[in-house]
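Just a sequence and a predicted model for now, questions to come.
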Amino acid sequence: MLSAHSALKWSFLGEISSKAITPFVFVVLARLLTPEDFGVVVAATMVITFSQSIWEAGMGKAIIQFEGDRDTIANTAFWINIALAVLVAGLIVVSSSPIAEYIFHDSRVSAVLKIMAIQVLLSASVSIHTALLQKDMNFRHLFWVRLATVAVPGLTSIPLAWYGMGYWSFVAGTLVGQILQVSILWKTSPWQPRINFDLVIAKKLLGFGGWITVTALLVWFYMWADSFIVGIYLGSNELGLYRIGNAFVIMIYGLLFGPLIPVLYTHLTSTSQDLVRIQAVMLKVVRILIFVSLPLAAIISANADLIGGLVFGPRWQGVGLVISIMALTHGVSWVITANGEAYRALGNPSVETKVMAFSMLFYLVGYLVSIQQSFEVFLWTRFGLAVLSTCIHFWVMKSVLKMQIKPILANMLTVSLICVIPIVVVSQFDFAGLAYGPVLKAFLIVMLIAIALAVYEKKRLIPQIFRIVVKAIKH
């Protein structure tokens with residue numbers, strides 16, 4: 001088994017490689033396609049993503065957690081996934097027309113769903129291969145798999161979009177990339193499935209995975225219910241606008257923190273449920289998340305119109321507002337994103353599930369009430385709900401992990417103020433009449449926040465600069 005340090009390195013390289021290609025593809029396709037094209041694909045993707053929570057059945061997390069006969073556990077989990085995937089894919093095909101007509105009010109979604117049902121079967125055929133590589137912390141292997149497969153969807157989708165294939169360019173690219181991933185993992189993985197199914201192990205896996213599945217469904221709700229409601233009430237165009245602005249922010253945070261989560265879970269699991277060690281790790285992780293997540297949210301939010309115009313172009317009017325508010329939303333939410341991994345590492349996966357289920361009611365009511373007011377009210381409600389959910393998670397964190405929350409909250413408040421003050425100060429100046437005024441404004445905000453954070457972290461940046469200036473004057 002590889003060390004946590006090596007695993008984190010390769011996991012990070014995997015995220016870097018994918019995120020180095022994904023933004024390019026993302027921007028090019030956004031300029032070639034319309035918000036409505038994106039909306040059709042997003043509608044179908046919501047259904048496919050929901051189905052993954054069911055067919056996966058928590059098997060990936062379960063086999064990482066369980067000890068015992070490796071081959072028997074892996075084979076049992078594999079056949080559970082395959083059986084559920086076949087069932088789910090069939091249901092998607094049969095119900096595609098009613099879903100398109102009665103939920104999304106767009107007949108184009110039906111054809112896309114029927115084709116994307118193939119993706120369910122392909123994903124299920126390699127889910128256990130991926131989980132075993134994560135269990136062994138063999139992120140080096142996963143890095144090469146991801147590097148090989150992440151570029152293919154873009155290389156397929158962009159030419160098709162250029163020649164007017166619209167939303168079908170997305171579908172084709174996704175399927176080609178999935179087929180390549182399956183081919184590589186089946187050929188190179190050290191484990192291959194066999195016909196071996198243990199009913200006793202299956203019951204244990206499903207018992208553990210049941211909580212993971214419920215949690216995954218709740219995660220789907222938090223990730224997709226907002227888009228689902230926007231699609232129902234506002235249509236494909238607004239759905240595309242909202243989802244792309246939100247996805248842009250998620251993409252940035254995923255680049256920074258995405259490599260941390262799979263390695264963190266495996267590392268925490270290796271602590272043998274030692275609460276003191278888990279507390280120490282979590283304290284460091286949360287501190288890092290606060291120090292990076294909140295300043296990043298402030299910088300993106302303050303410059304959202306500039307970012308939206310540069311990245312998406314004139315056809316995406318209104319995406320700046322989405323980027324601005326969703327940056328604040330995700331900035332707060334990422335602070336507690338590691339909590340679930342700690343609960344699962346303690347062998348108590350139900351904690352996160354119960355918290356999310358409790359919070360779900362507030363989210364659902366907030367979504368349904370705010371979407372009927374206006375799109376902007378809906379966006380700000382999303383931010384308010386994220387703050388409320390974070391407070392609930394901290395309270396549970398204090399109860400389950402026995403951690404002191406007041407210092408963490410004080411740190412969050414201090415970092416938030418450090419970020420807000422420079423933005424307020426810079427906003428007092430008029431940059432409209434200056435050449436590259438918005439760019440200059442963004443530069444000043446970034447620099448002031450960086451200096452303020454450096455001082456807060458006692459890096460002694462200002463004293464060092466002062467000594468250098470004094471020495472230069474003397475000489």
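That came through fine.

Relative to Ala62, how far out is Gly207?
9 Å (C-beta to C-beta, to the nearest Å). C-beta coordinates here come from the backbone N, C-alpha and C atoms, glycine included.

So for the two, which residue has more residues nearby?
Counted by other C-beta atoms under 10 Å, Gly207 and Ala62 do not tie: Ala62 has more neighbours, with 26 against 11.

In terms of secondary structure, what does the lengthiest helix in the chain contact?
When the chain is parsed with DSSP state H, its longest helix is helix 199-234. Other elements packing on helix 199-234 under the criterion 3 or more C-beta pairs under 8 Å, 6 or more residues apart in numbering; DSSP states H and E are helix 35-56, helix 59-65, helix 70-98, helix 236-257, helix 350-370, helix 375-401.

Out of those, flag the one nearest Trp162.
Nearest of the helices and strands packed on helix 199-234 to Trp162, taken as C-beta to C-beta: helix 35-56 at 13.1 Å.

tell me what that closest one is packed against?
helix 70-98, helix 108-124, helix 167-188, helix 199-234, helix 236-257.

Next, the angle helix 35-56 makes with the longest one.
By that I understand helix 199-234. 160 degrees (axes from the mean of the first three to the mean of the last three C-alpha atoms, to 10 degrees).

returning to what we had before: and the longest helix of the chain, how far out from the chain's middle?
Its chain's C-alpha centre and that of helix 199-234 lie 15 Å apart, by C-alpha atoms, centre = their mean, to the nearest Å.

Check the average confidence over it, would you?
In this model, helix 199-234 carries a mean pLDDT of 82.

can you redo the helices and strands packed on helix 199-234 as TSV with distance to Leu122?
Formatted as TSV, these follow (distance: least, C-beta to C-beta, whole Å):
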stretch	distance to Leu122
helix 35-56	11
helix 59-65	16
helix 70-98	9
helix 236-257	22
helix 350-370	28
helix 375-401	32
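
which stretch in these has the least confidence?
Here the lowest mean pLDDT among the helices and strands packed on helix 199-234 goes to helix 59-65, at a mean of 77.

what does that helix contact?
Residues outside helix 59-65 that contact it (C-beta atoms under 8 Å, 6 or more residues apart in numbering): 73-74, 77-78, 80-81, 127-128, 130-132, 134-135, 205, 208-209, 212, 265-266, 269, 344, 347, 349.

Give me the distance from that helix to the chain's centre.
On C-alpha atoms, centre = their mean, the centre of helix 59-65 falls 20 Å from that of its chain.

again with stretch 71-91
The answer for stretch 71-91 is 25 Å, by C-alpha atoms, centre = their mean.

who touches it?
51, 54-57, 59-60, 62-63, 66, 117-118, 120-121, 123-125, 127-128, 131-132, 191, 193-198, 201-202, 205-206.

Just the buried residues from those residues, in ChimeraX please.
The buried subset of those, as determined by 16 or more other C-beta atoms under 10 Å, is captured in ChimeraX by this line:
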select :51,54,55,56,57,59,60,62,63,66,117,118,120,121,123,124,125,127,128,131,132,191,193,201,202,205,206
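
got the end-to-end distance for stretch 26-38?
With C-alpha to C-alpha, to the nearest Å as the measure, stretch 26-38 spans 11 Å from end to end.

Now that stretch: buried residues?
Neighbour counts over stretch 26-38 (16+ other C-beta under 10 Å) mark Phe26, Leu29, Ala30, Leu32, Leu33, Thr34, Pro35, Glu36, Asp37, Phe38 as buried.

what's that stretch in contact with?
Contacts for stretch 26-38 (C-beta under 8 Å, 6+ apart): 154, 157-158, 161-162, 166-167, 169-170, 236-241, 243-244, 247-248, 251, 311-313, 315-316.

wait, isn't Phe394 in contact with Pro407?
No - applying C-beta atoms under 8 Å, one finds Phe394 not in contact with Pro407, separated by 11.4 Å.

From what I see, Ala345 and Arg277 are in contact.
No - taking contacts as C-beta under 8 Å, Ala345 lies outside contact range of Arg277: 9.7 Å.

Of the two, which one has the most company?
The neighbour count for Ala345 versus Arg277, taken as other C-beta under 10 Å, is higher for Ala345 (25 against 15).

quick one: Gly340 and Val230, what's the gap?
Distance from Gly340 to Val230, by C-beta to C-beta: 26 Å.

Please name the nearest non-neighbouring residue to Leu217.
Ser53 (4.8 Å; C-beta to C-beta, 6 or more residues apart in numbering).

what about that neighbour, neighbour count?
Ser53: 20 neighbours (other C-beta under 10 Å).

unless I'm mixing things up, it is touching Ile212, no?
No - counting by C-beta under 8 Å, Ile212 is not a contact partner of Ser53; they are 9.1 Å apart.

Quick check: Phe50 vs Ala216, distance?
9 Å.

okay, the two: which has more neighbours?
Higher neighbour count among Phe50 and Ala216: Ala216, with 22 against 18, using other C-beta under 10 Å.

Quick one: residues contacting the more buried one.
By C-beta under 8 Å, 6+ apart, the neighbours of Ala216 are Gln52, Ser53, Glu56, Gly58.

Tell me the confidence at Lys471?
52.

An error on my part: the question was meant for Val332.
Looking at Val332, the pLDDT reads 94.

Not counting its neighbours along the chain, what's nearest it?
Excluding its sequence neighbours, the residue lying closest to Val332 (C-beta to C-beta, 6+ apart) is Ala386, at 4.9 Å.

Could you pull up the contacting residues of that neighbour?
Counted by C-beta under 8 Å, 6+ apart, Ala386 has contacts Leu328, Thr329, His330, Val332, Ser333.

got it, and Trp380?
Ile325, Ser370.

follow-up on the earlier one: out of the helices and strands packed on helix 199-234, flag the one nearest Gln428.
Going by C-beta to C-beta, the one of the helices and strands packed on helix 199-234 nearest Gln428 is helix 375-401, 23.5 Å.

what comes up buried for the closest one?
Buried residues in helix 375-401 (16+ other C-beta under 10 Å): 375, 378-383, 385-386, 389-390, 393-394, 396-397, 400-401.

ok, now which ones touch His129?
Leu185, Trp186, Ser189, Trp191.

that older thread, now the longest helix of the chain and helix 70-98, what's the angle there?
Using the same axes, to 10 degrees: helix 199-234 against helix 70-98 is 30 degrees.

Name the residues of helix 199-234 that come out as buried.
Within helix 199-234, the residues scored as buried using 16+ other C-beta under 10 Å are 201-202, 205-206, 208-222, 224-232, 234.
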